[in-house]
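Chemist: sequence? don't have it. structure:
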C-alpha cells in the first residue's frame, strides 16, 4: 500500500471533496482522482462514493487504520532523522492543559525552550511524529496504573505526578457541601464534555461501569479558566484535579469516594539522543525537584 496514495485518501475523506483535497495537498484534482483509483485497484474495493464524497464501508474501515499507519511512518522518519542530529541545547515540549503544573517541578533547560499547549491526541501525535522532543500528558487512571494511551509508536512513558480528582460543580449546587460522592451516582447529571481540559466522559463511563455521563454541552478549548466559568455558570459538571478546582472562581470541589481514580501526569517521548531533552525527561520522570 503506497503511503502517498493513503495520504491522498485521508485528505479526501477529511475534506469531503476531491478539489479541496487537491488544494490542501498541492496536487491537481486529476492527480487526486488517479491516486484514489490506484488505491481502490490495489485494495480491490471501492473506497469512496462520489456524490456526495464519503467513505464506503471499506473506506471507513481503511480510515481506522490509515491515521495510525501514517503516524507510524512519520515517527520512523523522525526517529531516523534524530540519529544524524547533534544533541539539542534546548528542548521542544508539548503539554496538555492539566499537565502544566508538572512543568514547575523541573525547570526547562537550555536556550530558548519551546512549549506548545495541545489537546491530548494532538500532544501524542506531535511527539510521535517528532514535531516535539517530549510531551507531558495527563488523564485519569486507577492509582499507580499507567494512562491508557493509544498505541501510536515506540514511545516511552514515565509517571510524573498523581493526585486526587474531584467533581467540579457550582457553589450553589446541592452536592457542593458534600465531602465525597460515588461517581456512579452522578451518571445522569448534566456534564460538560471537555476532552482536552477535563477527564473524558468516555473514561468516566468505564470507571463507573455506566453508560450514562452524557454531555449537556461540549467545550473544545484548552483554557481551564473558561471551563471553570462554564461550570460556575451552571452549564454542567466536570471531573478535574482537586488542587485545580480550588483555584477556580465560583466552583466547589466534591471528592470521589468510589471508584478509586486519580489524576496522573506522564512524560512521553521516543528515543532521545543524549542532551538537554534526555536529561530533563530523566529528572521529571524521577520526581526530582528544581535544581538548587
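Modeler: Perfect, thanks for sending it. In this text the structure is predicted, and so the values were computed from the model without any measurement.
Chemist: from here on, contacts and neighbour counts on C-alpha atoms
Modeler: Fine.
Chemist: once you drop chain neighbours, what's closest to residue 99?
Modeler: residue 138 (5.5 Å; Cα to Cα, 6 or more residues apart in numbering).
Chemist: helix or strand: which one has the one you found?
Modeler: For residue 138, the element it lies in under DSSP states H and E is strand 134-141.
Chemist: follow-up on the earlier one: beta-bridge partners for the residue nearest to residue 99, please?
Modeler: On the basis of DSSP bridges, residue 138 is bridged to residue 265.
Chemist: tell me the predicted confidence for it.
Modeler: In this model, residue 138 is scored at 95, pLDDT.
Chemist: and the strands in the stretch 151-292 of the chain?
Modeler: Counting by DSSP state E, counting those that start in this stretch, one finds strands in the stretch 151-292 of the chain at the ranges 156-170, 180-182, 191-193, 215-218, 238-241, 251-258, 262-269.
Chemist: select, out of those strands, the one closest to residue 73.
Modeler: strand 262-269 (16.1 Å; Cα to Cα).
Chemist: and the spatially closest residue to residue 199 that is not a sequence neighbour, how many neighbours?
Modeler: Leaving aside its sequence neighbours, residue 199 sits nearest to residue 239 (Cα to Cα, 6+ apart; 5.6 Å). Residues within reach of residue 239, counting by other Cα atoms under 10 Å, total 28.
Chemist: hmm, residue 239 is touching residue 169, no?
Modeler: No: applying Cα atoms under 8 Å, one finds residue 239 not in contact with residue 169, separated by 9.0 Å.
Chemist: show me the beta-bridge partners of residue 162.
Modeler: residue 264.
Chemist: now do it against residue 35, distance only.
Modeler: 48 Å (Cα to Cα, to the nearest Å).
Chemist: for residue 225, same thing?
Modeler: Distance from residue 225 to residue 35, by Cα to Cα: 45 Å.
Chemist: more neighbours: these two, which one.
Modeler: Neighbours were counted for residue 225 and for residue 35 using other Cα under 10 Å; residue 35 has more, 19 against 14.
Chemist: and the more buried one, what element?
Modeler: helix 29-43.
Chemist: buried residues, the helix or strand following that helix. List them.
Modeler: Where DSSP H and E defines the elements, the next helix or strand beyond helix 29-43 is strand 48-50. Neighbour counts using 16 or more other Cα atoms under 10 Å place residue 48 of strand 48-50 among the buried residues.
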